[in-house]
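Undergrad: missing the sequence, but the structure's below:
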């Protein structure tokens with residue numbers, strides 16, 4: 001995206017993924033999602049996101065660490081590890 005916008009991103013993925021972008025993207029990213037994204041941006045701009053993050057760090061990061069652990073146990077992570085282990089040319093990074 002940062003190198004060539006949507007056109008280059010679509011060039012870089014399969015035709016199937018590109019087609020999915022065209023037909024599914026507008027169904028997923030609608031005005032409801034856009035408003036949620038605007039709200040998140042407002043929280044960044046008004047400092048409330050930073051305030052929550054600073055509070056989280058001041059209080060031992062318990063929620064953050066729980067979210068990190070939960071996401072690390074997601075099935076997509078297991079599948080990703082399995083797939084990367086089959087890619088001999090890849091130097092996977094495991095934490």
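TA: Structure received. Remember, predicted model here, so these are calculated numbers, not experimental data.

Undergrad: immediately after the worst-scoring helix or strand of the chain on mean pLDDT, which helix or strand?
TA: Across the helices and strands of the chain, mean pLDDT, DSSP states H and E gives its lowest value to helix 5-12, namely a mean of 82. Downstream of helix 5-12, the first helix or strand assigned by DSSP states H and E is helix 15-28.

Undergrad: What angle do helix 5-12 and that next one make with each other?
TA: Relative orientation of helix 15-28 versus helix 5-12 (axes from the mean of the first three to the mean of the last three CA atoms, to 10 degrees): 140 degrees.

Undergrad: Quick one: list the elements packing against helix 15-28.
TA: Helix 15-28 sits against no helix or strand, with contacts defined as 3 or more CB pairs under 8 Å, 6 or more residues apart in numbering; DSSP states H and E. Just so you know, the C-beta spots here come from the backbone N, C-alpha and C atoms, and that holds for glycine as well.

Undergrad: Skip ahead from that helix and say which helix or strand is next.
TA: Once the chain leaves helix 15-28, the next helix or strand it forms, by DSSP H and E, is helix 31-45.

Undergrad: list the contacts for the most centrally placed residue in the chain?
TA: Nearest to the mean C-alpha position of the chain, by CA atoms, centre = their mean, lies residue 71 at 11.4 Å. Taking CB atoms under 8 Å, 6 or more residues apart in numbering as the criterion, residue 71 is in contact with residue 77.
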